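S.K.: How does the following fold in three dimensions:
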Amino acid sequence: MFGEVECWGNSSEFGLLPHRTPFVSLSADGQRFCSIHEDDHEIECWGRNINVSSVLKAFGFLAIASSDSMTCGVQEVDLVLNCCGTNEQSSLDFSLHLHLCSPGVCSPSSCIDGKFAFNASILNESELTSLCAQNELKICLHCRTNCSVGYFPSSTCTANAD
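M.R.: Presented below is the predicted three-dimensional model:
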(Lines give C-alpha, C1' and ligand atoms only; values in the text may rest on other atoms or scores of the structure.)
Protein backbone atom coordinates (compact mmCIF):
# COMPACT_ATOMS: atom_id res chain seq x y z
CA MET A 1 0.00 0.00 0.00
CA PHE A 2 1.47 3.33 -1.05
CA GLY A 3 0.52 6.66 0.44
CA GLU A 4 0.95 10.37 0.45
CA VAL A 5 1.91 12.57 3.37
CA GLU A 6 -0.80 14.71 4.96
CA CYS A 7 0.01 16.89 7.96
CA TRP A 8 -2.14 19.14 10.12
CA GLY A 9 -1.44 21.62 12.85
CA ASN A 10 0.89 24.61 12.82
CA SER A 11 2.61 24.52 9.40
CA SER A 12 5.72 26.18 10.86
CA GLU A 13 6.28 22.95 12.81
CA PHE A 14 6.71 20.88 9.65
CA GLY A 15 8.65 23.12 7.27
CA LEU A 16 8.14 22.52 3.56
CA LEU A 17 6.07 19.40 2.92
CA PRO A 18 6.58 17.03 -0.02
CA HIS A 19 4.19 17.92 -2.83
CA ARG A 20 1.81 14.95 -3.00
CA THR A 21 4.61 12.51 -3.70
CA PRO A 22 3.64 8.83 -3.26
CA PHE A 23 5.93 6.99 -0.86
CA VAL A 24 6.48 3.42 0.34
CA SER A 25 7.81 4.16 3.82
CA LEU A 26 7.69 6.98 6.37
CA SER A 27 9.87 7.65 9.41
CA ALA A 28 9.28 10.34 12.00
CA ASP A 29 10.63 11.63 15.26
CA GLY A 30 9.47 14.65 17.24
CA GLN A 31 10.69 17.28 14.76
CA ARG A 32 11.73 15.56 11.54
CA PHE A 33 10.04 13.36 8.93
CA CYS A 34 11.57 11.29 6.13
CA SER A 35 9.94 9.19 3.42
CA ILE A 36 11.10 6.79 0.72
CA HIS A 37 9.69 7.80 -2.68
CA GLU A 38 7.66 5.18 -4.53
CA ASP A 39 9.18 5.90 -7.93
CA ASP A 40 12.96 5.89 -7.34
CA HIS A 41 13.26 4.87 -3.66
CA GLU A 42 15.17 8.04 -2.81
CA ILE A 43 14.71 9.64 0.59
CA GLU A 44 13.13 13.05 1.20
CA CYS A 45 13.19 14.68 4.64
CA TRP A 46 11.42 17.74 6.02
CA GLY A 47 10.77 19.40 9.36
CA ARG A 48 13.15 20.95 11.89
CA ASN A 49 16.88 20.38 12.31
CA ILE A 50 17.44 18.99 8.83
CA ASN A 51 21.05 19.16 7.71
CA VAL A 52 20.34 19.33 3.98
CA SER A 53 23.92 18.48 3.04
CA SER A 54 23.76 15.21 4.93
CA VAL A 55 20.29 14.00 3.93
CA LEU A 56 20.60 10.50 2.51
CA LYS A 57 20.78 10.90 -1.26
CA ALA A 58 22.05 9.25 -4.43
CA PHE A 59 21.01 5.73 -3.43
CA GLY A 60 17.76 3.83 -3.56
CA PHE A 61 16.66 2.77 -0.08
CA LEU A 62 14.67 -0.20 1.21
CA ALA A 63 14.05 0.93 4.80
CA ILE A 64 14.35 4.06 6.91
CA ALA A 65 14.31 4.89 10.63
CA SER A 66 14.74 8.11 12.62
CA SER A 67 15.69 9.10 16.15
CA ASP A 68 16.06 12.50 17.82
CA SER A 69 19.55 12.97 16.40
CA MET A 70 19.89 10.66 13.41
CA THR A 71 18.18 9.15 10.37
CA CYS A 72 19.38 5.86 8.90
CA GLY A 73 18.44 4.00 5.74
CA VAL A 74 19.29 0.59 4.26
CA GLN A 75 20.70 1.06 0.73
CA GLU A 76 19.06 -1.27 -1.78
CA VAL A 77 22.17 -1.75 -3.92
CA ASP A 78 24.30 -3.35 -1.18
CA LEU A 79 22.18 -3.44 2.04
CA VAL A 80 24.65 -1.15 3.81
CA LEU A 81 23.27 1.02 6.61
CA ASN A 82 23.76 4.72 5.74
CA CYS A 83 23.13 7.33 8.46
CA CYS A 84 23.13 11.11 8.79
CA GLY A 85 22.69 13.42 11.78
CA THR A 86 20.71 16.59 12.44
CA ASN A 87 21.91 20.18 12.64
CA GLU A 88 22.19 19.74 16.40
CA GLN A 89 25.24 17.85 17.65
CA SER A 90 24.45 14.66 19.50
CA SER A 91 26.10 14.07 22.85
CA LEU A 92 26.15 10.35 22.03
CA ASP A 93 29.38 8.77 20.83
CA PHE A 94 28.07 7.07 17.68
CA SER A 95 30.06 4.46 15.83
CA LEU A 96 28.42 2.49 13.03
CA HIS A 97 29.04 -1.23 13.54
CA LEU A 98 26.42 -2.65 11.16
CA HIS A 99 27.52 -3.25 7.62
CA LEU A 100 24.97 -5.60 6.04
CA CYS A 101 21.31 -5.23 7.00
CA SER A 102 18.25 -7.24 6.10
CA PRO A 103 16.03 -5.29 3.69
CA GLY A 104 12.86 -6.69 5.26
CA VAL A 105 11.17 -9.47 7.19
CA CYS A 106 11.38 -13.11 6.05
CA SER A 107 7.95 -14.57 5.26
CA PRO A 108 6.53 -17.87 3.93
CA SER A 109 3.98 -15.97 1.81
CA SER A 110 4.24 -15.40 -1.92
CA CYS A 111 4.95 -11.83 -2.97
CA ILE A 112 1.81 -9.94 -3.99
CA ASP A 113 1.48 -7.70 -7.08
CA GLY A 114 3.74 -4.68 -6.82
CA LYS A 115 6.33 -6.59 -4.78
CA PHE A 116 9.22 -8.92 -5.66
CA ALA A 117 11.28 -11.51 -3.77
CA PHE A 118 14.71 -10.12 -2.85
CA ASN A 119 17.58 -12.16 -4.35
CA ALA A 120 20.75 -12.18 -2.22
CA SER A 121 22.91 -13.07 -5.25
CA ILE A 122 23.01 -9.37 -6.25
CA LEU A 123 25.28 -8.75 -3.24
CA ASN A 124 28.17 -10.71 -4.84
CA GLU A 125 28.86 -12.61 -1.62
CA SER A 126 29.58 -16.22 -2.66
CA GLU A 127 28.58 -17.79 0.68
CA LEU A 128 25.38 -15.76 0.98
CA THR A 129 22.50 -17.48 -0.83
CA SER A 130 19.64 -16.16 1.29
CA LEU A 131 19.12 -13.64 4.06
CA CYS A 132 16.45 -15.86 5.62
CA ALA A 133 17.26 -18.73 8.00
CA GLN A 134 15.09 -21.15 6.02
CA ASN A 135 15.24 -21.51 2.22
CA GLU A 136 11.45 -21.54 1.77
CA LEU A 137 11.17 -18.07 3.34
CA LYS A 138 11.51 -14.90 1.27
CA ILE A 139 11.69 -11.14 1.71
CA CYS A 140 9.09 -9.29 -0.39
CA LEU A 141 10.02 -5.72 -1.35
CA HIS A 142 8.16 -2.92 -3.17
CA CYS A 143 8.85 -2.63 -6.90
CA ARG A 144 10.17 0.69 -8.15
CA THR A 145 8.02 2.58 -10.61
CA ASN A 146 10.94 4.63 -11.98
CA CYS A 147 14.69 4.14 -12.39
CA SER A 148 17.46 6.18 -10.78
CA VAL A 149 19.14 8.81 -12.95
CA GLY A 150 21.33 7.17 -15.58
CA TYR A 151 19.44 3.84 -15.55
CA PHE A 152 16.54 2.53 -17.61
CA PRO A 153 14.03 -0.30 -17.06
CA SER A 154 15.08 -3.51 -18.82
CA SER A 155 11.90 -5.36 -17.87
CA THR A 156 8.80 -4.97 -15.75
CA CYS A 157 8.72 -5.98 -12.11
CA THR A 158 7.74 -9.62 -11.49
CA ALA A 159 7.46 -11.75 -8.36
CA ASN A 160 11.17 -12.63 -8.69
CA ALA A 161 12.83 -9.44 -9.96
CA ASP A 162 12.50 -5.65 -9.92
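S.K.: Only C-alpha atoms from now on, for both contacts and neighbour counts.
M.R.: Fine.
S.K.: what about Gly85, how many residues close to it?
M.R.: By the criterion of other C-alpha atoms under 10 Å, Gly85 has 20 neighbours.
S.K.: Also Gly60?
M.R.: With neighbours defined by other C-alpha under 10 Å, the count for Gly60 comes to 22.
S.K.: so it sits right up against Glu42, yeah?
M.R.: Yes - shown here, Gly60 and Glu42 form a contact pair, counting by C-alpha atoms under 8 Å, at 5.0 Å.
S.K.: For stretch 139-146, give the mean pLDDT please.
M.R.: Mean pLDDT, computed over stretch 139-146, is 77.
S.K.: Go ahead and name everything in contact with it.
M.R.: For stretch 139-146, the surrounding residues in contact (C-alpha atoms under 8 Å, 6 or more residues apart in numbering) are 24, 38-41, 62, 103-107, 110-111, 114-118, 132, 153, 157, 162.
S.K.: Can you flag which of these belong to helices?
M.R.: Judged by DSSP state H, the subset of the contacts of stretch 139-146 located in helices is empty.
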